[in-house]
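[1] need a 3D model of the sequence below.
(one chain, ligands or ions: 1)
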Amino acid sequence: MRINRHFLELKDSYLFRRIAQEVAAYKSANPTADLVRLGIGDVTQPLAPAVVDAMAQASRELGVRETFRGYDDGGVGYDFLRSAIARYYAARGVAVSDDEIIVSDGAKSDLGNILDIFADDSLALIPDPVYPAYVDTNVMSGRRVAYVEGSERNDFLPAPQDVPDGVTPDVIYICSPNNPTGAVYTRDGLKAWVDYANAVGAVILFDAAYEAFVQDETLPRSIFEIDGARTCAIEICTLSKIGGFTGVRCGYTIVPRELTDADGNALLALWRRRQTTKFNGVSYVTQRGAEAVFSDDGLAQCRANISYYLENARIIGGALQSLAIPYRGGTNSPYIWFTVPNGDSWAYFDRLLREKHIVGTPGAGFGQRGEGYMRLTAFGQRDKVEEAAKRLTDN
Ligand code: MLT
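    Down below sits the predicted model:
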């Protein structure tokens, strides 16, 4: 037996597992410490009532012979959910057809699994800093990675002119609103990437996980708002953040029919083939809950949760501001990204944990360019967030 040796090139633990382990060790040594957890971007508000009702109803249907269901239709998602998602996009003026949408158990799985449809020697262009799953999944599969710098210089929004000389990517990752910096591309910013990808024959993997946090209506929430994107982009999204589905698990990927490789092979057909071979679909109960997220009542209830989190962000931002600590994000994003005092983000993570009993995420965990920064999430409960703000500002 021989192992996939590319796993040996990875850091020992995935970022959020390492943080969980460090926090668990601290908590077991200090059992009375009242920790405020603003590390992993996990939601705390309960599911929307419309979602709970839909899931309860779906469970009851499964208990009756006449309405019982087994496998979903080929594992790509029920028609009712795919058309609900298409309507969600149509309401924003974005045309995607039901059969271009493939339902899954979340964005993280799709981001990793989609690499199956690309050549083994593909070169991925990945922003630094960014969500660490992009790099890790490419490293695991032995693919080549190049980085494009996000920094104060470009407001953490790398542009095609920042691509290092000599790099011609096959796959370009874009996360907007960005995890971890909270930076959001303008339409012009995304158009530059779409034009670049079409020119070099690359595909953009657009991670729209945080789209529902965009409050500024001039900012794009989908890559498909941009002319030319249908020939160069795939959008990957999740219900984790809009619907609080981190524990329920549901997401979707949109592959436009026009998107092909240079020989005319349709990526939609490859992705559907991959999913129907290696994945058996998301549970009926979950898909009914997901459908309810996109109903009028569901959207109103989910948006109320998003406003709650954005108010949390405002509270955390206010604390940093009163300490004269520069920060970004928190307005169209659930993440607050700020400069750490002495530039060492893991040291600051430790200090925050030990001295303030606050769990954050060190910027270095998102890439080399994240060093010198810290990320706090706004997904906490209000009383905990207020407590964290108080602890941050208390001397
Ligand atoms: C994060 O904290 O970056 C996210 O919650 C991770 C994820 O969505 O998988």
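
[2] drop to CA atoms for contacts and neighbour counts, all remaining ones
    Will do.

[3] just say helix, strand or coil for the residue of the stretch 151-300 of the chain found nearest the ligand.
    Residue nearest to the ligand within the stretch 151-300 of the chain: residue 179 (6.2 Å; C-alpha to the nearest ligand atom). For residue 179, the secondary-structure state derived from DSSP: H, G, I helix; E, B strand; the rest coil is coil.

[4] so which residues of the stretch 151-300 of the chain form strands?
    For the stretch 151-300 of the chain, applying DSSP state E, counting those that start in this stretch gives strands covering 171-175, 203-207, 233-238, 251-254.

[5] mean confidence for the last one?
    Read that as strand 251-254. On average, the pLDDT along strand 251-254 is 98.

[6] take the strands of the stretch 151-300 of the chain and write them to CSV, including mean neighbour count and distance to the ligand.
    Below are the strands of the stretch 151-300 of the chain laid out as CSV (neighbours: other C-alpha atoms under 10 Å; distance: least, C-alpha to the nearest ligand atom, whole Å):
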stretch, mean neighbour count, distance to the ligand
strand 171-175, 23, 11
strand 203-207, 24, 11
strand 233-238, 26, 9
strand 251-254, 24, 11
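
[7] of all the ones you listed, which one comes closest to residue 11?
    Nearest to residue 11 among the strands of the stretch 151-300 of the chain is strand 171-175; the distance by C-alpha to C-alpha comes to 20.6 Å.

[8] can I assume residue 309 is in contact with residue 378?
    Yes: at 5.4 Å, residue 309 and residue 378 qualify as touching, with contact defined as C-alpha atoms under 8 Å.

[9] which residues do these two both contact?
    Shared contacts of residue 309 and residue 378, defined by C-alpha atoms under 8 Å, 6 or more residues apart in numbering, comprise residue 334.

[10] neighbour count winner among those two?
    Higher neighbour count among residue 309 and residue 378: residue 378, with 30 against 27, using other C-alpha atoms under 10 Å.

[11] next one: that one from residue 298, what distance?
    21 Å (C-alpha to C-alpha, to the nearest Å).

[12] the ligand contacts on the stretch 201-350 of the chain?
    By C-alpha under 6 Å from any ligand atom, no residue of the stretch 201-350 of the chain approaches the ligand.

[13] ok, 8 Å please
    Contacts of the stretch 201-350 of the chain with the ligand, taken as C-alpha under 8 Å from any ligand atom, map to 209, 240-241, 246.

[14] show me what stretch 118-125 is in contact with.
    Here stretch 118-125 makes contact (C-alpha under 8 Å, 6+ apart) with 138, 141-148, 168-173.

[15] and for stretch 40-51?
    16, 240-241, 243-246, 288-290, 292-293, 297-298, 301-302, 305, 360-361, 377-381.

[16] can you get me the start-to-end distance on stretch 162-175?
    One end of stretch 162-175 sits 16 Å from the other (C-alpha to C-alpha).

[17] what is the mean pLDDT for it?
    Average pLDDT, stretch 162-175: 98.

[18] now do the helices in the stretch 151-300 of the chain.
    Ranges of helices within the stretch 151-300 of the chain are 187-200, 240-243, 267-278, 284-293, 296-322, based on DSSP state H, counting those that start in this stretch.

[19] which strands or helices does the fourth one pack on?
    What that stands for is helix 284-293. Secondary-structure packing of helix 284-293 (3 or more C-alpha pairs under 8 Å, 6 or more residues apart in numbering; DSSP states H and E): helix 49-62, helix 79-90, helix 296-322.

[20] CSV for these, including mean pLDDT?
    What follows is the helices and strands packed on helix 284-293, written out as CSV (pLDDT from 0 to 100):
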stretch, mean pLDDT
helix 49-62, 98
helix 79-90, 98
helix 296-322, 98
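
[21] could you list the domains of this structure?
    What automatic domain parsing lists as the domains of the chain is 5-47+297-393, 50-295.

[22] burial count for residue 274?
    For residue 274, the neighbour count with other C-alpha under 10 Å is 15.

[23] for it, what are its contacts?
    Counted by C-alpha under 8 Å, 6+ apart, residue 274 has contacts 116-117.

[24] let's see 6 Å
    Counting by C-alpha atoms under 6 Å, 6 or more residues apart in numbering, residue 274 touches no other residue.

[25] gap between it and residue 116?
    Separation of residue 274 from residue 116 (C-alpha to C-alpha) stands at 7 Å.

[26] any idea of the pLDDT on the residue of the stretch 151-300 of the chain closest to the ligand?
    So, for residue 179, pLDDT stands at 98.

[27] again, but for residue 108
    We note a pLDDT of 97 for residue 108 in this prediction.

[28] tell me which element it falls in.
    Here residue 108, judged by DSSP states H and E, is contained in helix 107-113.

[29] hey, C-alpha coordinates of that helix in CSV?
    Extracted C-alpha coordinates of helix 107-113, given in CSV (Å, rounded to 0.1, in the frame of the first residue of the first chain):
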residue,chain,number,x,y,z
ALA,A,107,-19.5,24.8,-0.4
LYS,A,108,-16.5,23.2,1.3
SER,A,109,-17.2,19.8,-0.3
ASP,A,110,-17.8,21.3,-3.7
LEU,A,111,-14.7,23.5,-3.6
GLY,A,112,-12.6,20.4,-2.9
ASN,A,113,-14.5,18.0,-5.2
